[in-house]
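>>> generate coordinates for the sequence data below:
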Amino acid sequence: MAESQAAFDAGEQDFRAGHLGKAREEFDEALDQLLGSGLDLDADSRLNELYKHIVDTVSQDELEAFRDGDGFREQKPTPAAIDEIAEEPIPQPEEFDPNLRGRAEREVGAIGHDLPLTVNDPVLAYLNYFKTPRGSAIVETGLRRAGRYRAMVQRVLQEEGMPQDLMFLAQAESAFQPQAVSKAGARGMWQFMSFAGRKYGLQKNWWLDERQDPEKATHAAARDLRDLYDQFGDWYLAMAAYNSGAGTVQHAVERTGYADFWELYHRNVLPKETQNYVPIILALTLISKDPARYGIEFESEPPLKADSVKPGQAIDLRLVAETIDTDLETLRSLNPELLRLVTPSDPDFVLRIPEGTAERFFAEIADIPPDKWVSWRRHKVEEGETLSAIAKRYHVLPAEVAEANSLAAGATLEQGQKLIIPAAAHTDAGTGKVIRYHVRRTDTAATIADEFDVTTADLRRWNHLKSDHVVRGMSLRIYPGGTAPAPQGKSKEAAPGPVVARRDGPRNVDVVESASSMRTDTGTVVHRVKPGETLWSIARAYRTTVEAIQSGNRYLFSRPLQVGDTLTILAAR
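Residues are numbered from 1 along each chain as shown. Here you go, the predicted model:
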């Protein structure tokens, strides 16, 4: 209890100080002390109380803060517009603006359209709603954001041979917000469920969700709607089926004998959401084609313009932003399919960056080793900044910053100067690296596996579980995306013994010799890699270089360093 409480108290202190990586390790240690003790926590009220206190205090908000700090936490979604509309009370016919019907009917006769437009009470009800302050705000938001994607959507619909007015489904579904998520779990501008997205080729894994890729999702939506139109031969039924599924609409047609949306509407044989779906789209189409007629004013956002680059491996978006002097939000808006601040390691992944910056990106990123793209950073010097101040901000030593940039220890920095920051990664959650996940009350093995794009069999294997049963507070080892390191042969390790700390080197670094390292008769050190360590930090501790460690452990030329690796550190000469 004392050891667990001490680790927990240290974790709380580091968490409040903003040292998220260290705090996470200490919270893990606190739970591991209890869970790994072999004691029955339920049988001892004191142990059980401490266990519950730790689990409850290390809340999901704090765990999310850990992931946010290292770029591996999933980005927060935006509520879908279609849910927002569905929650609002819709005006009844007696509340309609008396001039609304005539205005809408005149518009239908005056505007061009390539989908049938109907003006009836259900459509008028939503036209009336979209004139209310809340309704008009939804319309204005969608029309403003449509400026980003209108040209792309029109081009894709033309390429797919589909009516241009189908664009307004995206207005209704998401208000053109690629990161919109509905209460049912549908995602993206076109609100695909997972199974439907997969059917039309939209990939989903731990790193990205292509349902949130505006162009790929638009192609998928066009093909889905074409298949539904081929099945029902009617655009209103195709729209209804897009909302509730082809089987639901087909059953309603077979049940009544009517292949007509308005007949099904009045017979009340479709889900309520689907009944309202088609009138919502028709109302939004009428308003969007002539907003001024309905008192809607807005200023369209400019179209997104980008260069496409292939980094070739994982890279932190923050490093990209710092390299080309743009802001993180711009990169997020250009790459909404990315669920995290780190790109996948897929060599074919295409990253979109602001137009005109591709050449600069490749020129400047070449200064940083590719295996550091998920941990190192760039910093533009501001007036009056010093090496010490910058190093402190990134939790590294001034000498490390100086060495990475070939600067003298006391060098004067110029305003606007770009520095490479050899920051240590704050997480083990990289390609082929492990993260620790504490099971929450509502978790199951299946939901955890889905979140990290692995299988339940992976979870059992990595954690030596005999079944898929998991309990709250259990600490699991997880390799996101299933990229676990290749098994290594067992090496002889030093038996656990007293820890001996010695002060060594000009950088005032503590080198610890313990069960994680042993010194041979020749002076060579065998070091076992611990969580949080990097080649850079190990080389610094033993007063050697990264290249020397790689030369003595040649497997490091073909894969990244991994926790548990046994390194041979050659004696310094």
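
>>> so where is the stretch 351-500 of the chain shaky, pLDDT-wise?
Low-confidence segments of the stretch 351-500 of the chain (pLDDT under 70): 424-435, 451, 453, 480-500.

>>> which parts of it are strands?
Using DSSP state E, counting those that start in this stretch, the strands found in the stretch 351-500 of the chain span residues 351-354, 377-380, 418-421, 435-438, 475-478, 500-504.

>>> with the chain instead?
Taking DSSP state E, the strands of the chain run over residues 78-79, 180-181, 306-309, 351-354, 377-380, 418-421, 435-438, 475-478, 500-504, 509-513, 517-519, 525-528, 566-569.

>>> got those as TSV, with distance to residue 297 and mean neighbour count columns?
C-beta: built from backbone N, CA, C; applies to glycine. Shown next, in TSV, are the strands of the chain (distance: least, CB to CB, whole Å; neighbours: other CB atoms under 10 Å):
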stretch	distance to residue 297	mean neighbour count
strand 78-79	23	14
strand 180-181	24	24
strand 306-309	29	16
strand 351-354	29	22
strand 377-380	39	18
strand 418-421	43	20
strand 435-438	48	20
strand 475-478	50	18
strand 500-504	69	10
strand 509-513	63	14
strand 517-519	69	18
strand 525-528	66	19
strand 566-569	65	19
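
>>> these into TSV, with extra columns for distance to residue 365?
Output for these, formatted as TSV (distance: least, CB to CB, whole Å):
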stretch	distance to residue 365
strand 78-79	30
strand 180-181	32
strand 306-309	9
strand 351-354	11
strand 377-380	9
strand 418-421	10
strand 435-438	26
strand 475-478	29
strand 500-504	34
strand 509-513	29
strand 517-519	34
strand 525-528	30
strand 566-569	28
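
>>> check the average confidence over stretch 331-349, would you?
Mean pLDDT, computed over stretch 331-349, is 90.

>>> picking up where we left off before, possible to save the strands of the stretch 351-500 of the chain as a markdown table with distance to residue 403?
Shown next, in a markdown table, are these (distance: least, CB to CB, whole Å):
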| stretch | distance to residue 403 |
| --- | --- |
| strand 351-354 | 29 |
| strand 377-380 | 15 |
| strand 418-421 | 10 |
| strand 435-438 | 30 |
| strand 475-478 | 34 |
| strand 500-504 | 17 |
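
>>> now residue 190. Nearest residue, chain neighbours left out?
What sits nearest to residue 190 in space, not counting adjacent residues and going by CB to CB, 6 or more residues apart in numbering, is residue 221, at 3.9 Å.

>>> what's around that neighbour, how many residues?
Here the number of neighbours of residue 221 (other CB atoms under 10 Å) works out to 30.

>>> per-residue pLDDT, it?
Looking at residue 221, its pLDDT is 97.

>>> who touches the closest residue to residue 299 other than its chain neighbours in this structure?
With CB to CB, 6+ apart as the criterion, residue 299 has its nearest non-adjacent residue at 6.6 Å, and that residue is residue 144. By CB atoms under 8 Å, 6 or more residues apart in numbering, the residues touching residue 144 are 298, 299, 300, 301.

>>> residue contacts, the first one?
Read it as residue 298. Applying CB under 8 Å, 6+ apart to residue 298 gives the contacts 140, 143, 144, 291.

>>> for those residues, work out which two are farthest apart.
Distances among the contacts of residue 298 were taken as CB to CB; the most separated pair is 144 and 291, at 10.6 Å.
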